[in-house]
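> what's the 3D shape of this:
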Amino acid sequence: MKQTLLQEKYPVYTLETKKSETPFQNVDEIIDNLKTRVEEHPKACFIAIFDHHQHTSNMPGGEIAKDITAAKHIVFCFGTHLPNPHVMAVRPRSIGVVEQGDEFVISFLEAPMPLANNAMESWVRALVDSPQPATAG
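Numbers count the residues shown, from 1 in each chain. A predicted model of the protein is given here:
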């Protein structure tokens, strides 16, 4: 997993993995696995799945790189504290999953709360460490 600055200001964690290096066959299977991990976490709350590829495809003038064949977000919140209105700016959290050629690219913005960041990092790392996909429901 790499940690980089997107556009020189957004701290992003990214895992790029060959499809052959993970038991998952497509974006939906990865999203299902992440949904299970969110639902199992005592502090996390699942919110939604967002199909970014579909959204941009349907938008007049929307552009998608030719090698991106699927792109979805899983949206969730840890929200253990609400000390002031400003923390709303960094919530909820999401993890993006992209299918691109023979690989998956999974990324998320660094969370200011270590609990959230550690959980997201472990969930993403487990995608390549898991021998079998976990499924939602």
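> now the strands for this structure?
Along the chain, counting by DSSP state E, strands occupy 2-6, 10-18, 45-51, 68-77, 93-100, 103-109.
> out of those, deepest packed?
strand 93-100 (a mean of 22; mean count of other CB atoms under 10 Å). No exception for glycine: its C-beta is placed from N, CA and C like everyone else's.
> contact partners for residue 120?
Each residue near residue 120 by CB atoms under 8 Å, 6 or more residues apart in numbering is listed here: 13, 93, 95, 108, 111.
> who does the first one form a beta bridge with?
In this case it means residue 13. Beta bridges link residue 13 to residue 3, residue 108, judged by DSSP bridges.
> which residues are in contact with it?
Residue 13 touches 1, 2, 3, 107, 108, 109, 110, 117, 120, 121, 124, counting by CB under 8 Å, 6+ apart.
> could you export the strands of the chain as a markdown table, including mean pLDDT?
A markdown table is the format used below for the strands of the chain (pLDDT from 0 to 100):
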| stretch | mean pLDDT |
| --- | --- |
| strand 2-6 | 95 |
| strand 10-18 | 96 |
| strand 45-51 | 98 |
| strand 68-77 | 98 |
| strand 93-100 | 98 |
| strand 103-109 | 98 |
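> show me which of the contacts of residue 120 is closest to residue 36.
Using CB to CB, residue 95 comes nearest to residue 36 of the contacts of residue 120, at 12.9 Å.
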